[in-house]
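A structural model of the following input is requested.
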Amino acid sequence: MKKLISFLLAAIFAAGYGTTAFAQADNMTKIVYIPTEAASAAAIVNSDSFVDKTADETNFDLPCKAALLMDESTGQILYAKNADEQLPIASITKVMTMLLVFEALDSGKIKLQDTVPITAHAYSMGGSQIWLEPGEIFTVHELLKAVAVSSANDAAVALAEFVGGSESVFCDMMNTRAKELGMESTYFVNACGLDAPGHLSTANDVAIMSRELMKHEKVFEYTTIWMDYLRNGATQLVNTNKMLHSYTGTTGLKTGTTGGAGVCITATAKRNDLSLIAVVLGSASGDERFAAAKKLLDFGFSNFESKMFPSIEDYPENITVRYGVQKTVPLAYNLPKKLLFLKGASSKLESRITLPQHIEAPVEKGTQIGSVDLYSSGEKIREYSITVAETAERITFKKAFSILLDALTGC
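Residues are numbered from 1 along each chain as shown. Model (predicted):
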(Lines give C-alpha, C1' and ligand atoms only; values in the text may rest on other atoms or scores of the structure.)
Protein backbone atom coordinates (compact mmCIF):
# COMPACT_ATOMS: atom_id res chain seq x y z
CA MET A 1 0.00 0.00 0.00
CA LYS A 2 2.87 2.37 0.80
CA LYS A 3 4.33 1.72 -2.65
CA LEU A 4 0.95 2.39 -4.28
CA ILE A 5 0.51 5.66 -2.40
CA SER A 6 4.06 6.72 -3.25
CA PHE A 7 3.47 5.98 -6.93
CA LEU A 8 0.19 7.87 -6.98
CA LEU A 9 1.66 10.86 -5.20
CA ALA A 10 4.46 10.90 -7.74
CA ALA A 11 1.89 10.67 -10.53
CA ILE A 12 -0.07 13.55 -9.03
CA PHE A 13 3.06 15.64 -8.84
CA ALA A 14 4.04 14.80 -12.41
CA ALA A 15 0.55 15.46 -13.69
CA GLY A 16 0.14 18.74 -11.89
CA TYR A 17 3.60 20.23 -11.80
CA GLY A 18 6.28 18.18 -13.43
CA THR A 19 5.37 17.76 -17.10
CA THR A 20 8.00 20.13 -18.50
CA ALA A 21 10.73 18.68 -16.32
CA PHE A 22 10.38 15.35 -18.18
CA ALA A 23 10.26 16.79 -21.69
CA GLN A 24 12.96 14.97 -23.70
CA ALA A 25 13.48 14.11 -27.33
CA ASP A 26 11.80 10.79 -28.16
CA ASN A 27 14.55 9.27 -30.30
CA MET A 28 13.33 6.40 -32.45
CA THR A 29 14.98 3.11 -31.58
CA LYS A 30 15.52 0.85 -34.57
CA ILE A 31 15.64 -2.82 -33.64
CA VAL A 32 16.85 -5.27 -36.28
CA TYR A 33 15.83 -8.92 -35.96
CA ILE A 34 17.48 -11.77 -37.83
CA PRO A 35 14.78 -13.87 -39.51
CA THR A 36 14.48 -17.58 -38.80
CA GLU A 37 12.34 -20.34 -40.27
CA ALA A 38 10.04 -20.29 -37.27
CA ALA A 39 6.65 -18.67 -37.68
CA SER A 40 6.29 -15.14 -36.41
CA ALA A 41 4.97 -14.82 -32.89
CA ALA A 42 3.42 -11.45 -33.72
CA ALA A 43 -0.29 -11.16 -34.33
CA ILE A 44 -1.23 -12.24 -37.86
CA VAL A 45 -4.12 -10.28 -39.26
CA ASN A 46 -3.70 -10.02 -43.02
CA SER A 47 -1.75 -11.17 -46.05
CA ASP A 48 0.16 -9.29 -48.72
CA SER A 49 0.93 -9.55 -52.43
CA PHE A 50 3.85 -8.09 -54.34
CA VAL A 51 2.36 -9.16 -57.67
CA ASP A 52 1.02 -6.43 -59.94
CA LYS A 53 1.08 -8.26 -63.25
CA THR A 54 -1.96 -10.45 -63.94
CA ALA A 55 -3.19 -12.37 -67.00
CA ASP A 56 -6.45 -12.47 -68.94
CA GLU A 57 -7.82 -14.02 -72.15
CA THR A 58 -5.41 -11.88 -74.21
CA ASN A 59 -2.59 -13.91 -72.67
CA PHE A 60 -4.29 -17.28 -73.02
CA ASP A 61 -7.90 -18.32 -73.47
CA LEU A 62 -9.88 -21.08 -71.82
CA PRO A 63 -12.84 -23.18 -73.03
CA CYS A 64 -15.44 -21.64 -70.72
CA LYS A 65 -17.65 -18.57 -70.30
CA ALA A 66 -15.81 -17.18 -67.27
CA ALA A 67 -12.73 -18.02 -65.23
CA LEU A 68 -10.56 -16.69 -62.44
CA LEU A 69 -7.34 -17.69 -60.67
CA MET A 70 -6.77 -16.42 -57.12
CA ASP A 71 -3.98 -16.80 -54.58
CA GLU A 72 -5.73 -18.13 -51.51
CA SER A 73 -3.45 -16.48 -48.92
CA THR A 74 -3.60 -12.92 -50.22
CA GLY A 75 -6.72 -12.86 -52.40
CA GLN A 76 -4.62 -11.58 -55.32
CA ILE A 77 -6.27 -12.24 -58.70
CA LEU A 78 -3.76 -13.81 -61.11
CA TYR A 79 -6.01 -14.46 -64.12
CA ALA A 80 -9.48 -13.27 -65.08
CA LYS A 81 -11.86 -13.92 -67.95
CA ASN A 82 -15.35 -12.35 -67.74
CA ALA A 83 -14.89 -12.65 -63.98
CA ASP A 84 -17.72 -10.25 -63.13
CA GLU A 85 -20.31 -11.68 -65.54
CA GLN A 86 -23.36 -13.04 -63.72
CA LEU A 87 -23.91 -16.71 -64.51
CA PRO A 88 -25.65 -19.73 -62.99
CA ILE A 89 -23.11 -21.77 -60.97
CA ALA A 90 -24.89 -25.10 -60.42
CA SER A 91 -23.61 -27.11 -57.44
CA ILE A 92 -20.79 -24.66 -56.75
CA THR A 93 -23.63 -23.10 -54.74
CA LYS A 94 -22.84 -25.74 -52.14
CA VAL A 95 -19.61 -23.88 -51.27
CA MET A 96 -21.79 -21.33 -49.48
CA THR A 97 -23.97 -24.07 -48.02
CA MET A 98 -20.91 -25.80 -46.56
CA LEU A 99 -19.50 -22.48 -45.34
CA LEU A 100 -22.62 -21.77 -43.28
CA VAL A 101 -22.60 -25.32 -41.92
CA PHE A 102 -18.96 -25.01 -40.81
CA GLU A 103 -19.65 -21.62 -39.27
CA ALA A 104 -22.55 -23.16 -37.36
CA LEU A 105 -20.20 -25.91 -36.19
CA ASP A 106 -17.58 -23.39 -35.08
CA SER A 107 -20.12 -21.34 -33.14
CA GLY A 108 -21.40 -24.43 -31.32
CA LYS A 109 -24.87 -24.10 -32.83
CA ILE A 110 -24.60 -27.64 -34.22
CA LYS A 111 -22.23 -30.60 -33.86
CA LEU A 112 -20.94 -33.12 -36.38
CA GLN A 113 -22.67 -35.97 -34.57
CA ASP A 114 -26.04 -34.23 -34.37
CA THR A 115 -28.75 -36.25 -36.09
CA VAL A 116 -30.71 -34.70 -38.95
CA PRO A 117 -34.21 -35.95 -39.77
CA ILE A 118 -34.92 -36.06 -43.50
CA THR A 119 -37.97 -34.11 -44.63
CA ALA A 120 -40.21 -34.61 -47.65
CA HIS A 121 -38.82 -31.37 -49.08
CA ALA A 122 -35.23 -32.63 -48.96
CA TYR A 123 -36.39 -35.93 -50.47
CA SER A 124 -38.00 -34.10 -53.39
CA MET A 125 -34.72 -32.68 -54.74
CA GLY A 126 -33.72 -33.81 -58.22
CA GLY A 127 -30.31 -34.01 -59.84
CA SER A 128 -27.37 -35.61 -58.04
CA GLN A 129 -28.49 -37.16 -54.77
CA ILE A 130 -28.07 -40.02 -52.31
CA TRP A 131 -31.80 -40.89 -52.47
CA LEU A 132 -32.74 -39.76 -48.99
CA GLU A 133 -36.09 -41.02 -47.73
CA PRO A 134 -38.43 -39.02 -45.49
CA GLY A 135 -37.93 -40.09 -41.90
CA GLU A 136 -34.38 -41.37 -42.38
CA ILE A 137 -31.82 -40.12 -39.87
CA PHE A 138 -28.28 -39.04 -40.79
CA THR A 139 -25.60 -37.17 -38.89
CA VAL A 140 -24.27 -33.79 -39.94
CA HIS A 141 -20.95 -35.51 -40.63
CA GLU A 142 -22.58 -38.01 -43.01
CA LEU A 143 -24.53 -35.35 -44.88
CA LEU A 144 -21.44 -33.13 -45.22
CA LYS A 145 -19.63 -36.09 -46.72
CA ALA A 146 -22.47 -36.64 -49.20
CA VAL A 147 -22.40 -32.96 -50.21
CA ALA A 148 -18.62 -32.60 -50.54
CA VAL A 149 -17.98 -35.94 -52.24
CA SER A 150 -21.09 -36.76 -54.29
CA SER A 151 -22.59 -33.25 -54.54
CA ALA A 152 -25.88 -34.59 -53.21
CA ASN A 153 -28.68 -32.05 -53.59
CA ASP A 154 -30.95 -33.77 -51.09
CA ALA A 155 -28.19 -33.82 -48.47
CA ALA A 156 -27.46 -30.11 -49.04
CA VAL A 157 -31.11 -29.18 -48.51
CA ALA A 158 -31.33 -31.41 -45.41
CA LEU A 159 -28.36 -29.54 -43.91
CA ALA A 160 -29.88 -26.20 -44.89
CA GLU A 161 -33.13 -27.07 -43.12
CA PHE A 162 -31.24 -28.25 -40.04
CA VAL A 163 -29.17 -25.05 -39.75
CA GLY A 164 -31.76 -22.52 -40.88
CA GLY A 165 -35.03 -24.16 -39.87
CA SER A 166 -36.16 -24.13 -43.50
CA GLU A 167 -34.44 -23.87 -46.86
CA SER A 168 -35.92 -20.42 -47.49
CA VAL A 169 -34.56 -19.06 -44.20
CA PHE A 170 -31.21 -20.67 -44.96
CA CYS A 171 -31.18 -18.92 -48.37
CA ASP A 172 -31.67 -15.62 -46.57
CA MET A 173 -28.64 -16.53 -44.45
CA MET A 174 -26.69 -17.36 -47.61
CA ASN A 175 -27.50 -14.01 -49.20
CA THR A 176 -26.68 -12.11 -46.02
CA ARG A 177 -23.32 -13.85 -45.76
CA ALA A 178 -22.62 -13.15 -49.43
CA LYS A 179 -23.13 -9.42 -48.83
CA GLU A 180 -20.86 -9.54 -45.78
CA LEU A 181 -18.12 -11.10 -47.92
CA GLY A 182 -18.48 -8.45 -50.63
CA MET A 183 -20.06 -10.82 -53.16
CA GLU A 184 -21.93 -7.99 -54.86
CA SER A 185 -23.17 -9.93 -57.89
CA THR A 186 -24.45 -13.08 -56.18
CA TYR A 187 -27.97 -14.11 -55.25
CA PHE A 188 -29.05 -17.53 -53.98
CA VAL A 189 -32.52 -18.98 -54.48
CA ASN A 190 -31.78 -22.48 -53.18
CA ALA A 191 -29.13 -24.31 -51.15
CA CYS A 192 -28.10 -26.90 -53.73
CA GLY A 193 -27.62 -25.08 -57.06
CA LEU A 194 -30.44 -26.43 -59.19
CA ASP A 195 -31.27 -23.99 -61.99
CA ALA A 196 -33.69 -21.29 -60.82
CA PRO A 197 -34.51 -17.78 -62.09
CA GLY A 198 -32.23 -15.21 -60.44
CA HIS A 199 -29.89 -17.81 -58.91
CA LEU A 200 -26.62 -16.27 -60.15
CA SER A 201 -23.03 -15.53 -59.23
CA THR A 202 -19.71 -14.64 -60.86
CA ALA A 203 -16.27 -16.24 -61.09
CA ASN A 204 -14.94 -13.52 -58.79
CA ASP A 205 -17.63 -14.09 -56.16
CA VAL A 206 -17.17 -17.86 -56.33
CA ALA A 207 -13.46 -17.37 -55.60
CA ILE A 208 -14.31 -15.12 -52.63
CA MET A 209 -16.61 -17.67 -50.99
CA SER A 210 -14.23 -20.53 -51.82
CA ARG A 211 -11.43 -18.66 -50.08
CA GLU A 212 -13.64 -18.10 -47.03
CA LEU A 213 -14.59 -21.80 -46.86
CA MET A 214 -10.91 -22.76 -47.06
CA LYS A 215 -10.33 -21.00 -43.73
CA HIS A 216 -12.18 -23.98 -42.24
CA GLU A 217 -9.40 -26.49 -42.87
CA LYS A 218 -11.55 -29.38 -41.74
CA VAL A 219 -13.44 -29.08 -45.04
CA PHE A 220 -10.45 -30.70 -46.77
CA GLU A 221 -11.09 -33.85 -44.75
CA TYR A 222 -14.26 -34.12 -46.85
CA THR A 223 -13.26 -32.64 -50.21
CA THR A 224 -10.21 -34.92 -50.54
CA ILE A 225 -12.19 -38.14 -50.03
CA TRP A 226 -12.10 -40.15 -53.25
CA MET A 227 -14.51 -42.90 -52.27
CA ASP A 228 -16.60 -43.66 -49.20
CA TYR A 229 -19.88 -45.24 -48.12
CA LEU A 230 -23.07 -44.46 -46.24
CA ARG A 231 -25.86 -46.67 -44.87
CA ASN A 232 -23.36 -49.24 -43.59
CA GLY A 233 -21.84 -49.69 -47.04
CA ALA A 234 -25.08 -49.78 -49.00
CA THR A 235 -24.57 -46.34 -50.61
CA GLN A 236 -21.29 -45.64 -52.38
CA LEU A 237 -19.92 -42.11 -52.64
CA VAL A 238 -17.45 -41.27 -55.44
CA ASN A 239 -15.94 -37.82 -55.70
CA THR A 240 -17.13 -35.77 -58.65
CA ASN A 241 -13.78 -33.92 -58.72
CA LYS A 242 -11.62 -36.16 -60.93
CA MET A 243 -8.66 -33.83 -60.42
CA LEU A 244 -8.03 -35.59 -57.11
CA HIS A 245 -6.52 -38.43 -59.15
CA SER A 246 -5.05 -36.41 -62.00
CA TYR A 247 -3.55 -33.20 -60.61
CA THR A 248 -0.83 -33.09 -57.95
CA GLY A 249 -1.73 -31.05 -54.90
CA THR A 250 -5.51 -30.98 -55.44
CA THR A 251 -7.40 -30.25 -52.22
CA GLY A 252 -10.96 -29.66 -53.52
CA LEU A 253 -13.24 -27.88 -53.75
CA LYS A 254 -16.53 -28.24 -55.65
CA THR A 255 -17.84 -29.24 -59.06
CA GLY A 256 -21.18 -28.30 -60.63
CA THR A 257 -23.22 -29.21 -63.69
CA THR A 258 -26.70 -28.20 -64.82
CA GLY A 259 -28.34 -27.44 -68.17
CA GLY A 260 -28.33 -23.73 -67.42
CA ALA A 261 -24.87 -23.45 -65.91
CA GLY A 262 -22.99 -25.86 -68.10
CA VAL A 263 -20.04 -27.65 -66.52
CA CYS A 264 -18.27 -25.77 -63.71
CA ILE A 265 -15.64 -26.14 -61.00
CA THR A 266 -13.92 -24.23 -58.26
CA ALA A 267 -10.66 -26.18 -58.02
CA THR A 268 -8.20 -25.73 -55.18
CA ALA A 269 -4.63 -27.01 -55.03
CA LYS A 270 -1.55 -26.48 -52.88
CA ARG A 271 2.13 -27.00 -53.63
CA ASN A 272 4.80 -25.98 -51.14
CA ASP A 273 3.40 -22.82 -49.49
CA LEU A 274 1.36 -21.69 -52.51
CA SER A 275 -2.39 -22.37 -52.36
CA LEU A 276 -4.50 -21.48 -55.43
CA ILE A 277 -8.20 -21.24 -56.33
CA ALA A 278 -9.17 -21.81 -59.99
CA VAL A 279 -12.78 -21.04 -60.94
CA VAL A 280 -14.19 -22.25 -64.26
CA LEU A 281 -17.81 -21.50 -65.22
CA GLY A 282 -19.79 -22.53 -68.26
CA SER A 283 -17.63 -25.16 -69.95
CA ALA A 284 -19.20 -27.44 -72.52
CA SER A 285 -17.93 -30.71 -71.04
CA GLY A 286 -16.24 -32.24 -68.03
CA ASP A 287 -12.99 -32.67 -69.96
CA GLU A 288 -12.94 -28.98 -70.91
CA ARG A 289 -13.73 -27.97 -67.34
CA PHE A 290 -10.85 -29.96 -65.88
CA ALA A 291 -8.47 -28.91 -68.68
CA ALA A 292 -9.23 -25.24 -68.03
CA ALA A 293 -8.75 -25.62 -64.26
CA LYS A 294 -5.44 -27.41 -64.74
CA LYS A 295 -4.21 -24.72 -67.14
CA LEU A 296 -5.04 -22.02 -64.60
CA LEU A 297 -3.30 -23.87 -61.79
CA ASP A 298 -0.27 -24.64 -63.97
CA PHE A 299 0.02 -20.94 -64.76
CA GLY A 300 -0.10 -20.09 -61.07
CA PHE A 301 2.40 -22.66 -59.89
CA SER A 302 4.80 -21.86 -62.75
CA ASN A 303 4.88 -18.10 -62.24
CA PHE A 304 4.32 -17.32 -58.57
CA GLU A 305 5.60 -18.31 -55.14
CA SER A 306 4.43 -17.80 -51.59
CA LYS A 307 6.88 -17.06 -48.80
CA MET A 308 6.37 -16.90 -45.06
CA PHE A 309 6.83 -13.49 -43.47
CA PRO A 310 10.26 -13.34 -41.77
CA SER A 311 9.77 -14.27 -38.13
CA ILE A 312 10.34 -11.76 -35.35
CA GLU A 313 11.98 -13.07 -32.19
CA ASP A 314 11.57 -11.35 -28.83
CA TYR A 315 9.49 -8.56 -30.30
CA PRO A 316 8.30 -5.89 -27.82
CA GLU A 317 4.83 -6.74 -26.56
CA ASN A 318 4.32 -3.50 -24.62
CA ILE A 319 5.57 0.07 -24.64
CA THR A 320 6.20 2.47 -21.76
CA VAL A 321 3.68 5.29 -21.31
CA ARG A 322 4.62 8.70 -19.90
CA TYR A 323 2.01 10.66 -17.97
CA GLY A 324 -0.41 7.76 -18.30
CA VAL A 325 -2.84 6.12 -15.91
CA GLN A 326 -1.08 2.84 -16.72
CA LYS A 327 2.70 2.46 -16.99
CA THR A 328 2.60 0.42 -20.20
CA VAL A 329 0.15 -0.53 -22.97
CA PRO A 330 0.21 -3.56 -25.27
CA LEU A 331 1.17 -3.32 -28.95
CA ALA A 332 -0.62 -4.75 -32.01
CA TYR A 333 1.44 -5.91 -34.99
CA ASN A 334 -0.36 -5.65 -38.32
CA LEU A 335 1.63 -8.38 -40.08
CA PRO A 336 0.83 -10.84 -42.87
CA LYS A 337 1.47 -14.54 -42.53
CA LYS A 338 2.37 -15.08 -46.18
CA LEU A 339 3.77 -12.97 -49.01
CA LEU A 340 3.13 -13.51 -52.72
CA PHE A 341 5.91 -12.86 -55.26
CA LEU A 342 6.68 -13.54 -58.88
CA LYS A 343 9.06 -16.49 -58.89
CA GLY A 344 12.61 -15.35 -58.27
CA ALA A 345 11.60 -11.77 -57.46
CA SER A 346 12.61 -11.89 -53.80
CA SER A 347 15.53 -13.15 -51.75
CA LYS A 348 17.01 -12.77 -48.27
CA LEU A 349 13.84 -11.47 -46.66
CA GLU A 350 14.25 -9.81 -43.28
CA SER A 351 12.17 -7.58 -41.02
CA ARG A 352 13.19 -4.63 -38.87
CA ILE A 353 11.21 -3.00 -36.09
CA THR A 354 11.14 0.76 -35.58
CA LEU A 355 9.60 1.96 -32.30
CA PRO A 356 9.93 4.95 -29.97
CA GLN A 357 11.45 4.33 -26.55
CA HIS A 358 8.15 5.45 -25.02
CA ILE A 359 4.89 7.22 -25.83
CA GLU A 360 3.18 10.11 -24.10
CA ALA A 361 -0.45 9.85 -22.99
CA PRO A 362 -3.10 10.34 -24.15
CA VAL A 363 -2.96 7.92 -27.11
CA GLU A 364 -6.07 6.36 -28.62
CA LYS A 365 -6.33 2.63 -29.30
CA GLY A 366 -5.31 1.90 -32.90
CA THR A 367 -2.88 4.82 -33.19
CA GLN A 368 0.19 3.88 -35.22
CA ILE A 369 3.38 4.48 -33.25
CA GLY A 370 5.91 2.37 -35.15
CA SER A 371 6.44 -0.02 -38.00
CA VAL A 372 7.79 -3.37 -39.10
CA ASP A 373 9.76 -2.82 -42.28
CA LEU A 374 10.19 -5.66 -44.76
CA TYR A 375 13.46 -5.87 -46.70
CA SER A 376 14.48 -8.01 -49.66
CA SER A 377 18.24 -8.25 -50.24
CA GLY A 378 18.70 -5.14 -48.11
CA GLU A 379 16.08 -3.04 -49.96
CA LYS A 380 12.95 -1.92 -48.13
CA ILE A 381 9.88 -3.14 -50.01
CA ARG A 382 6.96 -2.69 -47.60
CA GLU A 383 6.07 -1.17 -44.24
CA TYR A 384 3.54 -2.60 -41.77
CA SER A 385 2.07 -0.66 -38.89
CA ILE A 386 2.54 -1.21 -35.15
CA THR A 387 -0.38 0.25 -33.25
CA VAL A 388 -1.43 0.75 -29.64
CA ALA A 389 -3.79 -2.08 -28.65
CA GLU A 390 -5.37 -0.14 -25.77
CA THR A 391 -6.13 3.51 -25.15
CA ALA A 392 -3.50 5.17 -22.94
CA GLU A 393 -5.39 7.65 -20.76
CA ARG A 394 -3.46 10.65 -19.48
CA ILE A 395 -3.09 11.02 -15.73
CA THR A 396 -4.46 14.25 -14.29
CA PHE A 397 -4.39 15.63 -10.76
CA LYS A 398 -8.11 14.88 -10.46
CA LYS A 399 -7.73 11.34 -11.85
CA ALA A 400 -4.72 10.53 -9.68
CA PHE A 401 -6.44 11.90 -6.56
CA SER A 402 -9.52 9.80 -7.37
CA ILE A 403 -7.40 6.65 -7.70
CA LEU A 404 -5.59 7.48 -4.44
CA LEU A 405 -8.89 8.06 -2.65
CA ASP A 406 -10.31 4.75 -3.92
CA ALA A 407 -7.14 2.96 -2.75
CA LEU A 408 -7.35 4.52 0.72
CA THR A 409 -11.07 3.83 1.20
CA GLY A 410 -10.55 0.25 0.02
CA CYS A 411 -8.00 -0.48 2.74
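
Where does pLDDT dip in the stretch 251-400 of the chain?
For the stretch 251-400 of the chain, the stretches flagged by pLDDT under 70 are 397-400.

Strands of that one, residue ranges please.
262-271, 274-283, 304-308, 318-322, 328-333, 335-342, 349-356, 358-360, 368-376, 379-388 (DSSP state E, counting those that start in this stretch).

And the second one, what's buried?
When you say that, I think you mean strand 274-283. For strand 274-283, the neighbour count (16 or more other CB atoms under 10 Å) marks L274, S275, L276, I277, A278, V279, V280, L281, G282, S283 as buried. Just so you know, the C-beta spots here come from the backbone N, C-alpha and C atoms, and that holds for glycine as well.

If we go by neighbour counts, what in stretch 185-199 is buried?
Across stretch 185-199, burial judged by 16+ other CB under 10 Å covers S185, T186, Y187, F188, V189, N190, A191, C192, G193, L194, H199.

what sits against the fifth one?
By that I understand V189. For V189, the contact set (CB atoms under 8 Å, 6 or more residues apart in numbering) comprises C171, A196, P197, G198, H199.

Please report how far it lies from T176.
14 Å (CB to CB, to the nearest Å).

Kindly report the same for A345.
Separation of A345 from T176 (CB to CB) stands at 40 Å.

Count the neighbours of E305 for me.
When neighbours are defined as other CB atoms under 10 Å, E305 has 19 of them.

Contacts only, for it.
By CB under 8 Å, 6+ apart, the residues touching E305 are N272, D273, L274, L340, F341, L342, K343.

From these, keep the buried residues only.
Listed as buried from the contacts of E305 are L274, L340, F341; burial here means 16+ other CB under 10 Å.

for those residues, which one is nearest T119?
L274 (42.6 Å; CB to CB).

now that closest one, nearest residue through space, not along the chain?
Spatial nearest neighbour of L274, excluding adjacent residues (CB to CB, 6 or more residues apart in numbering): S306 at 4.2 Å.

So what sits opposite the one you found in the bridge?
L340 (DSSP bridges).

And V363, by the same measure?
Applying DSSP bridges, one finds that V363 bridges with A392.

With G262 instead?
Beta-bridge pairing of G262 under DSSP bridges involves T258.

where does the stretch 1-150 of the chain have low pLDDT?
Using pLDDT under 70, the flagged stretches of the stretch 1-150 of the chain are 1-47.

tell me the strands in it, going along the chain?
Here the stretch 1-150 of the chain has its strands, by DSSP E, counting those that start in this stretch, at 28-33, 44-49, 55-56, 66-71, 77-81, 115-117, 137-139.

Could you report the neighbour count for the closest residue to T224 other than its chain neighbours?
Sequence neighbours aside, T251 is the residue nearest to T224 in space, at 6.1 Å (criterion: CB to CB, 6+ apart). Residues near T251, counting by other CB under 10 Å, number 21.

The residue nearest to L274: neighbour count?
Quick note: S306 (other CB under 10 Å) scores 22 neighbours.

Buried residues, the longest helix along the chain. List them.
Determined from DSSP state H, the single longest helix within the chain is helix 286-303. Residues of helix 286-303 classed as buried: 288-297, 299-301 (neighbour count, 16+ other CB under 10 Å).

can you check stretch 92-108 too?
By 16+ other CB under 10 Å, the buried positions in stretch 92-108 come out as 92-105.

How about stretch 310-326?
Residues of stretch 310-326 classed as buried by neighbour count (16+ other CB under 10 Å): P310, S311, I312, Y315, P316, I319, V321, R322, Y323, G324, V325.

Just the terminal-to-terminal distance for it.
32 Å (CA to CA, to the nearest Å).

Then stretch 213-233?
One end of stretch 213-233 to the other measures 29 Å (CA to CA).

Mean confidence (pLDDT) on it, please.
Averaging pLDDT along stretch 213-233 gives 97.

what's across from T354 in the sheet?
Under the criterion used (DSSP bridges), T354 bridges to K30, S371.

What distance do you get for it to S371?
Distance from T354 to S371, counting by CB to CB: 5 Å.

what do you get for E390?
Separation of E390 from S371 (CB to CB): 19 Å.

from the middle of its chain, how far away would stretch 62-69 be?
Distance of stretch 62-69 from its chain centroid, counting by CA atoms, centre = their mean, to the nearest Å, is 24 Å.

ok, of the buried residues of helix 286-303, which one's closest to K109?
A293 (33.4 Å).

Thank you kindly, that will do.
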